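Undergrad: Fold the following, please.
(4 chains)
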There are 2 protein chains.
Amino acid sequence: MPAVSRPTSKDVAQEAGVSQSTVSLVLGGKWTGRVSPATARSVRSAAARLGYRPNQAARNLRLGTTRTVLLMVPTLTAPFFGPVYTGAARVASRHGFGVVVSTWPDGTEGPDRTGGKGVDSPFAVPDEAIDGVLASSLAVEALGEFRQTPAVMLDSGPAGPSGPYSMPRPPTVDFGVADGMRDIVAHLTALGHRRIGHVAAGVDQWTFRARADALAGALGRVPGSALLRATCAIDAGSARDAAARLLDRADPPTALVCDDDLIAAGAYKAARARGLDIPGDLSVTGFDDVLLATALEPELTTVRLPAEELGAQGMTALLDLLAGRRPPPRVLPGELIVRGSTTPPSSS
Amino acid sequence: MPAVSRPTSKDVAQEAGVSQSTVSLVLGGKWTGRVSPATARSVRSAAARLGYRPNQAARNLRLGTTRTVLLMVPTLTAPFFGPVYTGAARVASRHGFGVVVSTWPDGTEGPDRTGGKGVDSPFAVPDEAIDGVLASSLAVEALGEFRQTPAVMLDSGPAGPSGPYSMPRPPTVDFGVADGMRDIVAHLTALGHRRIGHVAAGVDQWTFRARADALAGALGRVPGSALLRATCAIDAGSARDAAARLLDRADPPTALVCDDDLIAAGAYKAARARGLDIPGDLSVTGFDDVLLATALEPELTTVRLPAEELGAQGMTALLDLLAGRRPPPRVLPGELIVRGSTTPPSSS
DNA sequence: CTGAAAGCGCTTACAG
DNA sequence: CTGAAAGCGCTTACAG
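TA: Okay, the predicted model is just below:
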């Protein structure tokens, strides 16, 4: 007997000695000027007494909403998106919303009701109706069939021109990746590094373009500095090979700036294969600060990006949007975490 | 205009020239013997033509269900639960179900609509109604207020006695962890290892008890073998300290069997701090095969547990249960993945 | 074999 | 300031 039977608004009405409409008005917060304060109070206490919770299915049916939001991400395998989902789901659940997730481009991995990372698991876009969408680390074009649905763009860069659609540009929530990269450059150059290798993610996302630009820009302002670049996929093996290309040069860098923590793990492999000590012979930095960063030896100097906060703020913005408000763009700052993978170069 | 307006069963009825009841019967699969095959066919084609999808809110209201399942896990921070969630959510979504997750014990971390791992994020058990629960890596007692709700136990061991509740013991889906551990022992002893250290997770979960028992049992059958044990929390720092205790003994082990991959990362740290080469001076094994296993250097020999499959099979079992069937217990085998962290001992 | 009708629990005009 | 009524889109007895 899963609760003898949940109380309904009719039960509350009876308990309070009013009509169902009054209960709905009061509990829906639309009573001011329409219901007397005394009546409102008694409705509230009756509801509390009975432990009343509105039936969402009935609300949804009546209102034509689904209380379901779609989170679109480029991949389920990166450890970064789990927290984003968690943050989004947390604030969603507080407002009676559910979150389903899908990957884009479609079919590559496919969507689900998830925060999954872990393993690829293809399935199609949710056929259920969606009230809004949160797109993370994707371009506006990814909205596709949802281009008319209220949406918030996460980690996809500040708003560009309104684009080919007639809708206003969606609100944005981003990380301050440029500042984070500048912090890394400041840290490394303060240590004395001048020849810096960039093990760059060969992925067409705003965040990686911003990281590359910020790195080049910041280093360009350091006299006598040099920037070498190798590109890789976001996996340890590909990153190892890219790092190796840099390390095998006649004039190898003394520090490797990696586009994320997993890439840094690949750089560690390349260094070790060459008998190079980190940080003695080579400094390495990551980006994101996922679990891996402290599992590595030495622990990784990296920039912490508040991924869960991104999801939470994004959902808050989307809820605002659904409520008819126009949330302002937000930027969440990253934080440089200095650990054991960076020291002054041995011979500068 | 998010779809000028979705077609309803009434639209399908009109298109097919029948009543709404007939549409419902046919599409609900309850028509045999009640509707002529020809009519059924025309209803189906009308539905397809219109792209009809039933409104879940209406179904739920009518049926009194929520199509929501609760996934309970002990923690959101372990990388293991993301895939479990993903697998569960994937099969759930194919059946129009959503998944919300909560942690148990309650309050420690708290629940959400998630697959999140990442970061702790406390919130209370979902106040929405739940049709069924999936409890992973937890004891039956964790069901608490949901003890009357249809449930499936994941990774919590084979069914014990029916317990204090009047309900029959829930169906189970487990990993073959004992076999996995036996594979590790067979692998290490075949390499020549006899003194083996167990860096054990000091966590009261069936899976860790089973791992410890299987290790002790398998090693007990190897003449001349010795088993040393140190216990730790599941984080790299605590694991490093526990491994250090084993390595600093007068008679240190030649191989460290770690209860999971993150613990193995801690063992790597302890080894490195002592100038011990892995696998030259010390072999190390993990368990789970999460992303970290291949990010480590050398890559980790471990047992792959199909976490996503656990979630998927668990959800399948729960759906069976909700449909009135009684799913049999299932056991998903693990697979030993030999990588670079294990070799014969240098001096046996 | 098929249809008309009730009702799940809400919200919101519409009357008073 | 308050209530009676309609209706969201389904499913399922109940009649025929």
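Undergrad: contacts, neighbours, all on C-alpha from now
TA: Fine.
Undergrad: which element is A:Asp277 on?
TA: A:Asp277 belongs to no helix or strand when assigned by DSSP states H and E.
Undergrad: let me redo that: A:Ala216
TA: Here A:Ala216 is assigned to helix A:206-220, by DSSP H and E.
Undergrad: Tell me which residues are up against that helix.
TA: By C-alpha atoms under 8 Å, 6 or more residues apart in numbering or on different chains, the surrounding residues in contact with helix A:206-220 are A:137-139, A:155-157, A:177-179, A:181-182, A:185, A:200-201, A:225-227, A:259.
Undergrad: Quick one: mean pLDDT over it.
TA: Mean pLDDT, helix A:206-220: 96.
Undergrad: likewise stretch A:226-243?
TA: 96.
Undergrad: hang on, the earlier thing: run the chain-centre distance for the helix holding A:Ala216.
TA: Distance of helix A:206-220 from the chain centroid (C-alpha atoms, centre = their mean, to the nearest Å) equals 20 Å.
Undergrad: mind listing which of the contacts of helix A:206-220 are in strands?
TA: Counting by DSSP state E, the part of the contacts of helix A:206-220 found in strands is A:Ala200, A:Ala201, A:Ala226, A:Leu227.
Undergrad: quick one: the residue lying closest to A:Val43 once chain neighbours are set aside from chain B, how far?
TA: Leaving aside its chain neighbours, A:Val43 sits nearest to A:Ala16 (5.4 Å; criterion: C-alpha to C-alpha, 6 or more residues apart in numbering or on different chains). Going from A:Ala16 to chain B by C-alpha to the nearest C-alpha, to the nearest Å gives 23 Å.
Undergrad: mind listing the strands for chain A?
TA: A:68-73, A:98-103, A:132-136, A:151-154, A:172-176, A:195-201, A:226-232, A:255-258, A:283-285, A:302-304, A:330-333, A:335-337.
Undergrad: Next, work out how far apart the nearest residue in space to A:Ala151 that is not next to it in sequence and DNA strand C are.
TA: Once flanking residues are discounted, A:Ala151 sits nearest to A:Val133: 4.6 Å by C-alpha to C-alpha, 6+ apart. Distance from A:Val133 to DNA strand C, counting by C-alpha to the nearest atom of the strand, to the nearest Å: 22 Å.
Undergrad: For A:Val133, give me its contacts.
TA: A:Val69, A:Leu70, A:Leu71, A:Met72, A:Phe146, A:Thr149, A:Pro150, A:Ala151, A:Val152, A:Leu318.
Undergrad: wouldn't the fourth one be in contact with A:Ser102 here?
TA: Yes: contact status for A:Met72 versus A:Ser102: in contact at 5.0 Å, counting by C-alpha atoms under 8 Å.
Undergrad: which other helices and strands contact the helix or strand of chain A with the lowest mean pLDDT?
TA: Least confident helix or strand of chain A, by mean pLDDT, DSSP states H and E, is strand A:98-103 with a mean of 81. Applying 3 or more C-alpha pairs under 8 Å, 6 or more residues apart in numbering or on different chains; DSSP states H and E, we find strand A:98-103 packed against strand A:68-73, helix A:81-94, strand B:98-103.
Undergrad: make it 6 Å
TA: Packing contacts for strand A:98-103, counted by 3 or more C-alpha pairs under 6 Å, 6 or more residues apart in numbering or on different chains; DSSP states H and E, involve strand A:68-73.
Undergrad: got the residues of the stretch 51-200 of chain A near DNA strand C?
TA: A:Arg53, A:Pro54, A:Asn55, A:Gln56, A:Ala58, A:Arg59, A:Leu61, A:Arg62, A:Leu63 (C-alpha under 7 Å from any atom of the strand).
Undergrad: By neighbours, which of those wins?
TA: Tallying neighbours with other C-alpha atoms under 10 Å in any protein chain shown puts A:Gln56 at the head of these, with 20 neighbours.
Undergrad: ok, the closest residue to A:Leu332 other than its chain neighbours to B:Val100 distance?
TA: Closest residue in space to A:Leu332, ignoring its immediate chain neighbours: A:Phe175 at 4.6 Å, by C-alpha to C-alpha, 6+ apart. Applying C-alpha to C-alpha, to the nearest Å, the value for A:Phe175 to B:Val100 is 27 Å.
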